[in-house]
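Visitor: what follows is a predicted structure for the sequence shown.
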Amino acid sequence: MNMKRIFALVDCNNFYASCERVFNPALKKRPVIVLSNNDGCIVALSAEAKELGIHLTAPYFKFKSLAERNNVAVFSSNYTLYADMSHRVMTVLASFSPEVEVYSIDESFLSLTGMKCSLYDYGCVIRETVMKWTGLPVSVGIAPTKTLAKAAAHLAKKDPSCGGVFDMTMNDRSVYLKKINVGNIWGIGKKYAEKLNSRGIYTAADFVTADDKWVRSHMPIAGLRTLMEMRGHSCMNIDDTPSPKKAIVSSRSFGQSIESLEFLRQSVSSYAARAAEKLRGENGLAGVVTVFIMADRFRDDPRYGASLSCELPEASSDTPVITRYALALLNRLYKEGYRYKKAGVMLSGISSSRDLQMNLFLGNRERGSAELMNTVDKVNRSYGSGTLFYASAGTEKPWSMRREFLSPSYTTRWEEILDVRI
DNA sequence: TCTGGGGTCCTAGGACCC
DNA sequence: TCTGGGGTCCTAGGACCC
């Protein structure tokens, strides 16, 4: 049976800022902003903060005095908290559809195909349930394609009169599509928006009437797919089995610039360990290790940024093995006389640990120990990350990131659990 | 003083082969 | 004036997403 497909996108409003509010009711009416790693950029803000003119992705220092003058609550990113809250939201959503695709930390697509009840009402129930069970506000967009569901959720957020839920399956869509800038369509970024604008295409309503051939010749194939989806032809399915990662990156900007090789070695060691841990969490093995380092981009100092890769003799997820290769690469990359601001380790050529192709000529030291890694991961999961670490990652870490405004890990550490007095 | 981190996919172009 | 034609594979870079 060819049933008309229906998709819902459920999107948490200002997710990180909302997470901070759940456990701190004093923030209810206050403007809230959340900063990126290193307290660098603004990555989330509440509606009140938006009204002050603060905007996303701007570096914090540009709005610091405005924030201080207006009693804005400022937070460093607390990913431990956000990841746990995300998991709670996704668990609730799983009870509303047999097909759920967790698309990002704060959004999921749900299949509502075949639902007999009012879709708008169902969206409202989802919204109320998530609020009741997690304390987080969400918006729900409902439409015949994923791209239109994203657009519907965008409208649900923009227009408070629709109660956080927007159903685009019922009416003539062109009225609503006029309200959406072409650059806000999912899949159309800044560059293509500029290109489309120069052709007189400014809104989603303009876009759906665009010439197919022109779109195909000026945008990659994904552009044409977006066009079809915006016209209501579904080209994308719910993808509820996450595919294994093709690359795993661990990188950070430093809290302060560093010049010595020794501190770079410490940082690269700790990123290699983190990346290997993530890899083991995916049951993967890496075939290739890449290291990159970068001098401060925002100073007048001479610029330097470089990366090098090498293949491992045998695919591995062993921290000492990966660290050893990463540090050898770093030695070749390092040049004296620069103020380094960022470094990172990337693991790629990833295969499943189930089908390891062994190298006959490898000694045990080069192979590492899966049991040891397993134990290290277990200890760090139970007692907090960083309980066990390799000495090459250093202990003083003058380069480690700034997190001046970190909130407690309310939901994942006993000693930081909320204390409520009545 | 202060400018994030982690991903995916597509395409063009070069190297190489027959 | 003239400079094969296809095919594959790899990589770098650019675009997008959150």
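Guide: Everything's here; your move. Residues are numbered from 1 along each chain as shown, chains lettered A, B, ... in the order given.

Visitor: let me know how buried the closest residue to A:Ser139 other than its chain neighbours is, in neighbour terms.
Guide: Closest residue to A:Ser139 apart from its sequence neighbours, by CB to CB, 6 or more residues apart in numbering: A:Ala156 at 4.2 Å. Bear in mind the C-beta positions are built from the backbone N, C-alpha and C, glycine included. For A:Ala156, the neighbour count with other CB atoms under 10 Å is 26.

Visitor: now A:Ala156, what's its secondary structure?
Guide: At A:Ala156 the chain is in helix, as set by DSSP: H, G, I helix; E, B strand; the rest coil.

Visitor: could you verify that A:Ala315 is part of a helix?
Guide: No. Using three-state DSSP, the secondary structure at A:Ala315 is strand, not a helix.

Visitor: so where is chain A shaky, pLDDT-wise?
Guide: A:1-2, A:365 (pLDDT under 70).

Visitor: show me which residues of the stretch 51-200 of chain A sit near DNA strand B.
Guide: A:57, A:59-61, A:64 (CB under 7 Å from any atom of the strand).

Visitor: ok, the stretch 251-400 of chain A next?
Guide: Neighbours of DNA strand B within the stretch 251-400 of chain A, by CB under 7 Å from any atom of the strand: A:251-253, A:256-257, A:274, A:278, A:298-299, A:341-342, A:344.

Visitor: buried subset of the residues you listed?
Guide: By neighbour count, with 16 or more other CB atoms under 10 Å, these hold A:251-253, A:257, A:274, A:278, A:341-342, A:344 as buried.

Visitor: most widely separated two among those?
Guide: A:Ser257 and A:Lys278 (26.3 Å; CB to CB).

Visitor: quick one on the thing from earlier: okay, the buried ones among the residues of the stretch 251-400 of chain A next to DNA strand B in a markdown table with secondary structure and distance to DNA strand C next?
Guide: What follows is these, written out as a markdown table (DSSP: H, G, I helix; E, B strand; the rest coil; distance: CB to the nearest atom of the strand, whole Å):
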| residue | secondary structure | distance to DNA strand C |
| --- | --- | --- |
| A:Ser251 | strand | 14 |
| A:Arg252 | strand | 16 |
| A:Ser253 | strand | 16 |
| A:Ser257 | strand | 24 |
| A:Arg274 | helix | 18 |
| A:Lys278 | helix | 16 |
| A:Lys341 | strand | 19 |
| A:Lys342 | strand | 17 |
| A:Gly344 | strand | 15 |
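
Visitor: which of the residues you listed lies closest to A:Met3?
Guide: A:Lys278 (39.2 Å).

Visitor: who are the contact partners of A:Gly53?
Guide: Counting by CB atoms under 8 Å, 6 or more residues apart in numbering, A:Gly53 makes contact with A:Leu66.

Visitor: nope, A:Val34 is what I was after
Guide: A:16-17, A:20, A:42-45, A:75-77 are the contacts of A:Val34 under CB under 8 Å, 6+ apart.

Visitor: domains of chain A?
Guide: A:1-170, A:172-242, A:247-393 (automatic domain parsing).
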